[in-house]
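Participant: Coordinates for the following, if possible.
(one chain, ligands or ions: 1)
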Amino acid sequence: MLKLVTFAPAFGAPSASPFGVKAICLLKMAGAEFEVVAGDPRKAPKAKLPMLVDEGTTIADSEDIRSYLEQKFKVDFDAGLSLEQRATSRAIIRMCDEHLYFLLVCDRWLIDANWEIVREKFFGMIPKPIRGFITGKIRKKVRNSMHSQGVGRHTVAEQLTRADKDIKAIMVLLGEKPFLFGDTPTAADASAVGVLSAMAGSPTKTMLSERINTDMPLIAYLKRVREALYP
Ligand SMILES: N[C@@H](CCC(=O)N[C@@H](CS)C(=O)NCC(=O)O)C(=O)O
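Facilitator: Reported below is the predicted structural model:
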């Protein structure tokens, strides 16, 4: 059976990682039999999770997991889409995976009230006397990497403006359809539900979580995708 190694469930999602959620949704769409196990990114080929283990083969990165599943199960996660829609789908996936994701990281890790809860959820297994010291170092690394990435240089309000523009683009594309490209979920829905549901599931009320949780059509869309694709 296929084994998806990812971060444990958190904040109402089947994995703390939106990429783990995306991979779970793709596995479900492929009709694969799979189990989800919690793992350590340091042991993964690219030192990140998720990774998929199929007997002796390990596939790292949700994008490569997608390609692997497409080949193995002869599925097309964008079945029925025109070339133009496929191009749009790719752009949406990039926007979710490579922009909105980093805004989620800032929301979870850099907003103090959220961090207090995230720290206990993600690192509660570290013995208490050294937890503060170790997690402080990890948080500093995340802060530096968000600064290098660029989003960490913006204020929370500026980050929200950026997220809002992306979310509006997703909602324009969705229109009145149940899923981004019609009546059936496609690859873009798997990326969107991972990151947007994680934002909605913020442990404390933030500007970003409020943006999502007060947008009723968006909430209804996320519920639909979760019902269709979560295990
Ligand atoms: N491009 C990768 C990104 C995966 C990723 O960023 N995973 C994060 C969790 S959401 C991770 O493993 N972080 C651990 C670390 O950086 O040490 C994918 O699509 O799978």
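Participant: Mind listing residues that contact stretch 41-60?
Facilitator: 2-7, 15, 17, 19-20, 23, 39, 61-62, 65, 68-69, 72 (C-beta atoms under 8 Å, 6 or more residues apart in numbering). All C-beta spots, glycine's among them, are computed from the backbone N, C-alpha and C.
Participant: That one vs the ligand: in contact?
Facilitator: Yes. For stretch 41-60, a contact with the ligand is found by C-beta under 6 Å from any ligand atom, at Pro41, Ala47, Lys48, Leu49, Pro50.
Participant: and that stretch, which residues are buried?
Facilitator: Using 16 or more other C-beta atoms under 10 Å as the test for burial, stretch 41-60 gives Pro41, Ala44, Leu49, Pro50, Met51, Leu52, Val53, Asp54, Ile59, Ala60.
Participant: Can I get it in CSV? Just the C-alpha atoms.
Facilitator: Provided in CSV are the C-alpha atoms of stretch 41-60 (Å, rounded to 0.1, in the frame of the first residue of the first chain):
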residue,chain,number,x,y,z
PRO,A,41,11.3,16.0,7.4
ARG,A,42,15.0,15.6,8.2
LYS,A,43,14.7,12.0,7.0
ALA,A,44,13.1,13.0,3.7
PRO,A,45,15.2,13.2,0.5
LYS,A,46,14.7,17.0,0.2
ALA,A,47,14.4,17.5,4.0
LYS,A,48,10.7,18.5,3.5
LEU,A,49,7.4,16.7,3.8
PRO,A,50,5.3,15.3,2.3
MET,A,51,6.9,12.3,0.7
LEU,A,52,5.3,9.3,-0.9
VAL,A,53,6.7,5.8,-0.3
ASP,A,54,5.7,3.1,-2.8
GLU,A,55,7.5,-0.1,-1.9
GLY,A,56,11.2,0.7,-2.6
THR,A,57,10.5,4.1,-4.3
THR,A,58,10.4,7.4,-2.5
ILE,A,59,8.9,10.5,-4.1
ALA,A,60,9.5,13.8,-2.5
